[in-house]
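**Student:** Fold the following, please.
(chains A and B)
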Amino acid sequence: MTLNRPLPLAVLGLVLGACALQAAPPARQKQIQHGGYLVTIAGCHDCHTPLKMSPKGPEPDMTRMLSGHPEGLKMPPAPKLAEGPWGWAGSLTMTAFTGPWGVSYSANLTPDKETGLGAWTEAQFLQMVRSGRHLGQGRAILPPMPIQNLQKATEADLKAIFAYLQSIPAIRNKVPAPLEPAPTPIPMH
Amino acid sequence: MRALLLPALLVLGATPGTAKAPAPPRLLSQTGLYAAPGVVAARNLAYAPQYPLWTDGAAKARWIHLPAAIDGRDEAGWVFPVGTKAWKEFAFGGRKVETRLLWKTGPATWVFATYAWNEAQTEAVLVPEGGQPDAAEVAPGLRHTIPSRSDCRDCHGREKVEVLGFTALQLSPDRDAGALHAEPLRPGMVTLKELAARGLLRGARPDLASRPPRIEAPPAARTALGYLMSNCATCHRGDRPIPGLDLDLRPAHALRTALGPGSFPVPGQPESRLLSPGHPERSALLHRMASRGAIAQMPPLGSVRVDQAAVEHIRRWIAGMAPLPSH
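**Tutor:** Here you go, the predicted model:
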């Protein structure tokens, strides 16, 4: 497994992101900071920021912060799991998952216009959460995304999360489409 | 699998961007559709769009009440008068299952409601906002779900609401003889001609009746584009862009925008495109139409059965296209 990322560009992005926050009006700054807090405690990084191996073990690769499953990490066919009770498996990056629903990849939440949320409106983000559907009107959002938890958030909190996600550095990273499950579903128990 | 997906399928939230609208009546009989039990009021006009939406083979009946004339100056975006009500009845196996209501209650407010028919077929009761699963069997092992009101708005629009089957093209008397699952025009059904004659359409171009709208294309393409319009373009349209998807399946735009690679390739087809002329096996559009899996299915709601007639037509249409030079 190799993960290639131009580190200087990412660092530059983080610096520019910080500058953007400072340039925002105070109310907006407060909203963005609250959104950042929510993103952290809600565990968004757990799957949307890839893990990398460090001397201390796996840790979030903040140069790819919230950019989802790395485009360059081509996953081989998902392992065939024996009949339960083991039911799903994940990649070492914690960004690719296989289970009864098929194969899913964590999305790019950065404001990149083509591969992330850069072209989204706040209303579309809210609609995505409320509907629990991809892009707000497509297929169901797949496990392990705990969309049902996010659906309990207040509108103000969701808007803060969106404001924060729009304020972070854009990372171009095209996440693969999910894959259908094998024709014979894995027994659930 | 269903147990894991269920939380993600719960669609219970309020709808943003909509002004306050009155609550819909509790019973279908209170909506103004009927003059007496089982007798549709004469003021409600029956109609049949030339390109119907596929709903797993449901038999459909539709009526509209227009308290005043439609503003037809924009042929692609009619403005309905306040008080407009449109009903659509769905039946499977000869039994009525649900009747949906679209009711314009203010200049920018619409009520969306659907009513589930009782066992005796004598009345239909308002379905909760989140919809109703397991409403009827449409095929062995496959059950019809009555959509949530949020689902309704996904197709009919959130800001600018449209009565999808009641447009200039859908009511054109120049009907596509090859249209898939088309219902015959029965006596009394309105078309553009009757609307104009009754004074229910104002501001339309003067030659609308003599030169009614049609999809200008060879017969197979005309039928295919009409089908994509009514089954896909309610979501995939340039004036309501979906982030990251530059796809517009309205007839005038479909062939231009569907040639890209898209973001959902056909499994095992590295040369996959949304629509690959001459190569149905590489066309994601066809692959997704032919799927009822939770990930690939298109449309993503409103259907649990593949429309085989449409899949075959679209397959033949794509196969008959000249391949792209580099493809």
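**Student:** pLDDT weak spots in the stretch 101-250 of chain B?
**Tutor:** For the stretch 101-250 of chain B, applying pLDDT under 70 flags no range at all.
**Student:** show me where it has strands.
**Tutor:** Along the stretch 101-250 of chain B, counting by DSSP state E, counting those that start in this stretch, strands occupy B:109-117, B:124-126, B:132-139, B:142-146, B:201-202.
**Student:** Summarise which helices and strands the last one is packed against.
**Tutor:** Other elements packing on strand B:201-202 under the criterion 3 or more CB pairs under 8 Å, 6 or more residues apart in numbering or on different chains; DSSP states H and E are strand B:70-71. Placement of C-beta: from N, CA and C, glycine included.
**Student:** For chain B, what is the nearest residue in chain A?
**Tutor:** Taking CB to the nearest CB, chain B has its nearest neighbour within chain A at residue A:130, 3.3 Å off.
**Student:** Touching, that residue and residue A:151? I think so.
**Tutor:** Yes - Residue A:130 is in contact with residue A:151 according to CB atoms under 8 Å; the separation is 6.6 Å.
**Student:** Settle it for me: which of these two has more neighbours?
**Tutor:** Shown here are residue A:130 and residue A:151; by other CB atoms under 10 Å in any protein chain shown, residue A:130 has more neighbours (22 against 18).
**Student:** Are we agreed that that one is in a helix?
**Tutor:** Yes - with DSSP: H, G, I helix; E, B strand; the rest coil as the criterion, residue A:130 is part of a helix.
**Student:** Next, count neighbours for the nearest residue to residue B:205 once chain neighbours are set aside.
**Tutor:** Nearest residue to residue B:205 in three dimensions, chain neighbours excluded: residue B:75, at 7.0 Å (CB to CB, 6 or more residues apart in numbering or on different chains). Using other CB under 10 Å, residue B:75 has 14 other residues around it.
**Student:** give me phi/psi at residue B:75?
**Tutor:** phi -60, psi -30 (degrees, to the nearest 10).
**Student:** go on, residue B:205?
**Tutor:** phi -60, psi 150.
**Student:** what's near enough to touch the spatially most central residue of chain A?
**Tutor:** For chain A, residue A:48 is the residue whose C-alpha lies nearest the centre (CA atoms, centre = their mean; 3.0 Å). Residues near residue A:48 by CB atoms under 8 Å, 6 or more residues apart in numbering or on different chains: A:66-68, A:95, A:106-109.
**Student:** how does it look with 6 Å?
**Tutor:** With contacts defined as CB atoms under 6 Å, 6 or more residues apart in numbering or on different chains, residue A:48 is in contact with A:66, A:68, A:106, A:109.
**Student:** who in the stretch 101-250 of chain B is up against chain A?
**Tutor:** B:150, B:154, B:235, B:242-243 (CB under 6 Å from any CB of the partner chain).
**Student:** for chain B, what are the nearby residues on chain A?
**Tutor:** So chain A meets chain B at A:100-102, A:119-120, A:123, A:126, A:130-132, A:135, A:137-141, A:143, A:147-148, A:177-178, A:180, A:185 (CB under 6 Å from any CB).
**Student:** Among those, which ones are in helices?
**Tutor:** A:123, A:126, A:130-131, A:147-148 (DSSP state H).
**Student:** Chain A: strands as residue ranges?
**Tutor:** Assigned by DSSP state E, chain A shows strands spanning A:51-54, A:57-60, A:89-90, A:96-99, A:102-105.
**Student:** domains for chain B, by residue range?
**Tutor:** As assigned by automatic domain parsing, chain B contains the domains B:26-202, B:219-319.
**Student:** for those, which one sits closest to residue A:82?
**Tutor:** domain B:219-319 (23.0 Å; CB to CB).
**Student:** just how off-centre is that closest one within its chain?
**Tutor:** 15 Å (CA atoms, centre = their mean, to the nearest Å).
**Student:** can you tell me the distance between the two ends of it?
**Tutor:** By CA to CA, to the nearest Å, the extent of domain B:219-319 from end to end equals 15 Å.
**Student:** Could you give the number of residues near the closest residue to residue A:104 other than its chain neighbours?
**Tutor:** Once flanking residues are discounted, residue A:104 sits nearest to residue A:142: 4.0 Å by CB to CB, 6+ apart. By other CB under 10 Å, the residues close to residue A:142 number 21.
**Student:** circling back: save the strands of chain A as a markdown table, and put in mean neighbour count and mean pLDDT too.
**Tutor:** Output for the strands of chain A, formatted as a markdown table (neighbours: other CB atoms under 10 Å in any protein chain shown; pLDDT from 0 to 100):
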| stretch | mean neighbour count | mean pLDDT |
| --- | --- | --- |
| strand A:51-54 | 15 | 96 |
| strand A:57-60 | 12 | 96 |
| strand A:89-90 | 14 | 96 |
| strand A:96-99 | 23 | 96 |
| strand A:102-105 | 23 | 96 |
